[in-house]
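> structure for this input, please:
(one chain, ligands or ions: 2)
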Amino acid sequence: PYLVPVVILIVGPATWVEKFPEARGTRQSPVDIVTSRASSGGSAPPLVWRYSVNHPRSVVNPGYCWRVDENGYDSELRGGPLGSDVYKLQQWHCHWGSVNGEGSEHTVDGRAFSGELHLVHWNTSKYNSFTEAAGQPDGLAVLGVLLMVGSKHDELDKVVRLLPYIQHKGDKVTFSEPLNPANLLPKRIAYWTYPGSLTTPPCTESVTWILFKEPVQVSAEQVRLNLCYYVNGKNV
Ligand SMILES: NS(=O)(=O)c1ccc(C(=O)NCc2cccc(O)c2)cc1
Ligand SMILES: [Zn+2]
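Ligands and ions are numbered 1, 2, ... in the order given. Below you'll find the model as predicted:
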């Protein structure tokens with residue numbers, strides 16, 4: 001009999017528990033949203049947000065997808081499931097898959113979308129820094145936006161067109177073109193919410209997830225551009 005070399009590469013989420021004990025917690029994200037089991041909104045107050053538009057932002061290649069840092073400029077997210085605390089936008093980033101239709105982190109009734117945008121906010125009412133808040137159960141609030149292939153997204157294009165300039169991990173480009181993160185959100189603001197965690201190490205259980213029900217459309221070309229540069233964290 002021939003000997004088949006069996007090499008099992010131990011990478012990815014299955015190994016995160018070794019280095020990040022939080023990853024074996026009870027409120028780990030992402031999850032599959034089973035819509036039949038979601039309770040109706042009840043009497044939650046409206047979710048309210050305000051973002052500054054005219055300030056320099058930087059697009060960074062953190063090694064997976066891209067991230068836009070808000071550089072501390074003023075913004076506010078409050079209401080909905082966030083009690084009386086006010087949260088501030090720290091950064092926003094995206095998750096794309098290596099093939100179309102498989103990029104989102106959350107799934108809805110088992111269905112994945114082409115990508116998912118995360119707007120990461122931290123609780124400025126209770127904590128003094130993002131890092132401090134990121135370790136607290138009510139420290140972070142992330143707005144999740146499901147992305148599907150359709151018409152071109154003009155606001156997102158202000159970032160996508162810069163991707164050729166940050167092809168390597170650690171690359172960063174600063175731009176001052178006016179951009180309103182509120183334009184990245186869907187028109188209908190119905191959402192699912194649940195207490196969860198960061199979806200990547202250290203997987204800290206500090207995130208109040210707010211996932212909008214309505215997907216936002218991006219063009220196939222915009223998905224291709226993202227895939228060209230960030231196929232599973234490798235720059236290709
Ligand atoms: N995909 S996600 O929105 O859940 C997400 C958001 C932010 C982060 C993040 O900031 N990671 C780095 C980090 C984590 C904890 C404390 C820190 O100072 C930095 C990771 C995942
Ligand atoms: Zn994310």
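
> contacts and neighbour counts: CA atoms only from here.
Will do.

> tell me the mean pLDDT for the lengthiest helix in the chain?
Ranked by residue count under DSSP state H, the longest helix found in the chain is helix 220-229. pLDDT averaged over helix 220-229 equals 82, rounded to a whole number.

> name the helices or strands packed onto it?
In terms of contacts (3 or more C-alpha pairs under 8 Å, 6 or more residues apart in numbering; DSSP states H and E), helix 220-229 is packed against strand 87-96, helix 154-160.

> what does the first one contact?
Contacting residues not belonging to strand 87-96 are listed as 51, 64-72, 74-78, 102-105, 114-125, 130, 140-141, 223, 226-227, 230-232 [C-alpha atoms under 8 Å, 6 or more residues apart in numbering].

> pretty sure T174 contacts H55?
No. Under the criterion of C-alpha atoms under 8 Å, T174 is not in contact with H55, lying 10.4 Å apart.

> what segments of this protein are helices?
Counting by DSSP H, one finds helices in the chain at the ranges 13-19, 130-133, 154-160, 220-229.

> count the residues that sit near the closest residue to ligand 1 within the chain.
Per C-alpha to the nearest ligand atom, the residue of the chain with the smallest distance to ligand 1 is L198, at 3.3 Å. By other C-alpha atoms under 10 Å, the residues close to L198 number 23.

> so what's the nearest residue in space to it that is not next to it in sequence up against?
Leaving aside its chain neighbours, L198 sits nearest to T204 (5.5 Å; criterion: C-alpha to C-alpha, 6 or more residues apart in numbering). For T204, the set of contacting residues under the criterion of C-alpha under 8 Å, 6+ apart consists of 22-23, 134-135, 197-198.
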